[in-house]
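Asker: following is a predicted model, sequence given first.
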Amino acid sequence: MTSLVIAEHDNQSLKGSTAHVVTAATAIGGDMVVLVAGASCRAVADEAAKLTGVTKVLLIDAPTLEHPSAEDLTALVLGIAKDYSHVLAPATTYGKNFLPRVAALLDVAQISDISAVISPDTFERPIYAGNAIARVQSKDSIKIITVRGTAFPSAKAGGNAPIETASAPAASNLSHFVGAELARSERPELTAARIIVSGGRGMQSGDNFKLLESLADKLGAAVGASRAAVDSGFVPNDYQVGQTGKIVAPELYIAVGISGAIQHLAGMKDSKVIVAINKDEEAPIFQIADYGLVGDLFQIVPALDAEFAKKLANR
Amino acid sequence: MKVLVAVKRVIDYNVKIRVKADKTGVETANVKMSMNPFDEIAVEEAIRLKEAGVVTEIVAVSMGPQGCQETIRTSLAMGADRGIHVLTDQPLEPLAVAKLFKAIIAKEAPQLVILGKQAIDDDCNQTGQMLAALLGWGQATFASKLKLDADKASVTREVDGGLETIEVKLPAILTTDLRLNEPRYASLPNIMKAKKKVIDATTPETLGVDIAPHLVTLEVNEPAKRQGGKKLGSVEELVDKLMHEAQVI
């Protein structure tokens, strides 16, 4: 039994999502090969080789793979998939984009977004925005799986797996990359942050998110938002936490001016500690928050900012 | 240009779902059903393309029990031209849905197929990609902007770090994300007109597609409940609790 983990990376470094998938593959058992497919991405393979649990890294390095299309990535994975019992990728927009294509062409099901490994053929996955958990057993010979990162801890560095290389199949030209506008931020990524400060409709404007940014920078936190705040145009969509945005599970989640719609809770309710700040004491967010402050966020957030500044300065 | 849109019937997004006591699934009896919200965006996008004169015909397709006719009727009231209903009472996995679509596409020959990026019941996010693979077509998933030419589409996609733009040759599969558009409500005259539009019915057997499931659902459980905590009196108290009780700062 050998698992194939498809690494997510930007040709320079491994994305954090991959280390979570490695932990899921370790839970399945057997050997584990990590596939690094990209352009001039040797450094990524070196990084993957160090993750505990990895048996071997397969590096496919070709100029055509700088921004591989879903079609080309599928062809590449299909070429080697038959050697494996499990093929896993992160349940990020990267993994979700191509892995169902692999499953369809192997004529097997995909098990999306698993949150637990019960046995090599049985997994748990959230359905209905996490309001129910299904335990499913696969009857297929190859299990195609995407992994919910927040449900598995990151694999630690400590290994030293060998790196083998292979060549890439020809590009298909069905689609091609034109460009990207990726958010540049000094703050940690939402899905990797230890602390998240999130704003909702109660923030009233995009300008007011500066209050949260100031607080976030004191705590080394990422800034997130509810769908309501994104739909109101306060912040871009890549801030969105929820069923239709990112799923997060930080140590501390501070929800400011967020009422707690089901779709938002689906994205953050696995956070270790939740703080809610809201003027409506009946807001559903208080039903899941460990600590709540009822009141005007425009007074509370600056006061909280000042209090953290005072307390953290003494350390 | 002809466009096919997928419309799935799901439990309405406002309904708080209940897990069945025998753990076999989620209660669907006497629960309000609606069109999957991402599919509404798919229908809306097709209608806007038709209004812009790029698309000539919109065919809405739904698969599942008799009730799916209602979902198709909703899309016809929004502005789709006709419907196809694949009738079955068997549960359908995304791979089976993709195979059924492939069989329909062989007859309808659309240039573009628009599906929601995921259904809000099983949250799979698979069908569009699987369909594209089975057809050997290109795909543009999680679309937030579409520009359609005669032989290609330029699509802006919502990716984790921001936005990405790709070009895909037609025919192609598009899956919708939230910001692609805001779906319209059907007007009363259009609801009346939709009653006269045609819905063709077929079955997986007629289409020659094997829909046997690959996965067995062993049980469905409620997630662990999170207990609400306490409301605090001051900012100082909160900071103190976070530093000393929860120890997360």
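Answerer: Sure thing, it's come through.
Asker: give me the sheet partners of the longest strand out of those in chain B and which way each runs.
Answerer: What stands out as the longest strand in chain B, according to DSSP state E, is strand B:138-148. Here strand B:138-148 is paired, per DSSP bridges, with strand B:152-159 (antiparallel), strand B:172-176 (parallel).
Asker: which parts of it are buried?
Answerer: B:G138, B:Q139, B:A140, B:T141, B:F142, B:A143, B:S144, B:L146, B:L148 (16 or more other Cβ atoms under 10 Å in any protein chain shown). Where C-beta positions appear, they are placed from N, C-alpha and C, glycine not excepted.
Asker: got the contact list for the first one?
Answerer: If I follow you right, that is B:G138. A:S69, A:E71, A:L174, A:S175, B:A132, B:V168, B:K169, B:A172, B:I173 (Cβ atoms under 8 Å, 6 or more residues apart in numbering or on different chains).
Asker: just confirm A:Y128 contacts B:I11, I think it does.
Answerer: Yes. With contacts counted by Cβ atoms under 8 Å, A:Y128 reaches B:I11, the gap being 7.5 Å.
Asker: which one's more surrounded, the two?
Answerer: Neighbour comparison, A:Y128 and B:I11: the larger count goes to A:Y128, with 25 against 19 (by other Cβ atoms under 10 Å in any protein chain shown).
Asker: neighbours around the closest residue to that one other than its chain neighbours, how many?
Answerer: Once flanking residues are discounted, A:Y128 sits nearest to B:I17: 4.9 Å by Cβ to Cβ, 6 or more residues apart in numbering or on different chains. When neighbours are defined as other Cβ under 10 Å, B:I17 has 18 of them.
Asker: do A:A309 as well
Answerer: 12.
Asker: elements contacting the host helix or strand of it?
Answerer: Here A:A309 sits within helix A:297-313, counting by DSSP states H and E. On a contact count with 3 or more Cβ pairs under 8 Å, 6 or more residues apart in numbering or on different chains; DSSP states H and E, helix A:297-313 meets helix A:209-219, strand A:273-278, helix B:235-240.
Asker: pick the most buried one from these.
Answerer: strand A:273-278 (a mean of 25; mean count of other Cβ atoms under 10 Å in any protein chain shown).
Asker: partner strands of that strand, with direction?
Answerer: strand A:252-256 (parallel), strand A:291-294 (parallel).
Asker: for A:S141, give me its contacts.
Answerer: Contacts of A:S141 by Cβ under 8 Å, 6+ apart are A:S85, A:V108.
Asker: would you mind measuring from it to chain B?
Answerer: 10 Å (Cβ to the nearest Cβ, to the nearest Å).
Asker: ok, residue 74 - how many residues close by?
Answerer: Using chain A here. Count around A:T74 with other Cβ under 10 Å applied: 26.
Asker: that's the wrong chain, I wanted chain B
Answerer: 23.
Asker: repeat for B:L188
Answerer: The burial count for B:L188: 8, using other Cβ under 10 Å.
Asker: again with A:A249
Answerer: 17.
Asker: quick one: is the lowest-mean-pLDDT helix or strand in chain B near chain A?
Answerer: Least confident element among the helices and strands of chain B, by mean pLDDT, DSSP states H and E: strand B:230-231 (a mean of 92). Yes. Using Cβ under 8 Å from any Cβ of the partner chain, we find that strand B:230-231 touches chain A at B:K230, B:K231.
Asker: can you list contacts of that strand?
Answerer: By Cβ under 8 Å, 6+ apart, strand B:230-231 touches A:E281, A:F286, A:D290, A:Y291, A:G292, A:L293, A:V294.
Asker: OK, contacts around B:T24?
Answerer: Applying Cβ under 8 Å, 6+ apart, the residues contacting B:T24 are B:T217, B:E219, B:V220.
Asker: what of A:R101?
Answerer: Contacts of A:R101 by Cβ under 8 Å, 6+ apart are A:A70, A:E71, A:T74, B:Q129, B:M130, B:A132, B:A133, B:Q139.
Asker: that one: which element?
Answerer: Short version, using DSSP H and E: A:R101 is in helix A:93-106.
Asker: and that helix, which residues are buried?
Answerer: A:93-106.
Asker: excluding chain neighbours, what is closest to the residue of chain B most remote from its centre?
Answerer: Using Cα atoms, centre = their mean, the residue of chain B lying farthest from its centre is B:E236. It sits 46.3 Å away. In this structure, B:E236 finds its nearest non-sequential neighbour in A:E307, 5.9 Å apart by Cβ to Cβ, 6+ apart.
Asker: quick check: that neighbour touching B:S234?
Answerer: No. Taking contacts as Cβ under 8 Å, A:E307 lies outside contact range of B:S234: 9.0 Å.
Asker: looking at these two, which has the bigger crowd around it?
Answerer: Taking other Cβ under 10 Å, A:E307 and B:S234 do not tie; A:E307 has more neighbours (18 against 13).
Asker: contacts only, for that one.
Answerer: B:V235, B:E236, B:L238, B:V239.
Asker: one more pass at 7 Å, please.
Answerer: Contacts for A:E307 were tallied using Cβ atoms under 7 Å, 6 or more residues apart in numbering or on different chains; they are B:V235, B:E236, B:V239.
Asker: hang on, the earlier thing: hey, what's in contact with both of A:Y128 and B:I11?
Answerer: B:I17, B:D121.
Asker: what about B:A29, how many residues nearby?
Answerer: As a burial measure, B:A29 scores 5 neighbours (other Cβ under 10 Å).
Asker: please identify the helix or strand for it.
Answerer: Using DSSP H and E, no helix or strand contains B:A29.
Asker: can you read off the pLDDT for it?
Answerer: Looking at B:A29, its pLDDT reads 90.
Asker: so where do the strands sit in chain B?
Answerer: B:2-6, B:9-11, B:33-35, B:57-64, B:82-87, B:112-116, B:138-148, B:152-159, B:162-169, B:172-176, B:199-202, B:215-221, B:230-231.
Asker: now check stretch A:3-15, is it near chain B?
Answerer: No. No part of stretch A:3-15 sits near chain B under the criterion Cβ under 7 Å from any Cβ of the partner chain; the closest distance found is 8.6 Å.
Asker: list the buried residues in that stretch.
Answerer: A:S3, A:L4, A:V5, A:I6, A:A7, A:E8, A:H9, A:N11, A:L14, A:K15.
Asker: chain center to it: distance?
Answerer: Relative to its parent chain, stretch A:3-15 has a centroid offset of 13 Å by Cα atoms, centre = their mean, to the nearest Å.
Asker: who are the contact partners of the closest residue to chain B within the stretch 151-300 of chain A?
Answerer: Of all residues in the stretch 151-300 of chain A, A:L174 sits closest to chain B, at 3.4 Å by Cβ to the nearest Cβ. Neighbour list for A:L174: A:S69, A:E71, B:W137, B:G138, B:V168, B:K169 [criterion: Cβ under 7 Å, 6+ apart].
Asker: from those residues, pick the one nearest A:T244.
Answerer: Distances from A:T244 to the contacts of A:L174, taken as Cβ to Cβ, are shortest for B:V168 (22.9 Å).
Asker: how many residues are close by that closest one?
Answerer: 24.
Asker: does it have beta-bridge partners, and which?
Answerer: With DSSP bridges as the rule, B:V168 is bridged to A:S175, B:A153.
Asker: thanks a lot, catch you later.
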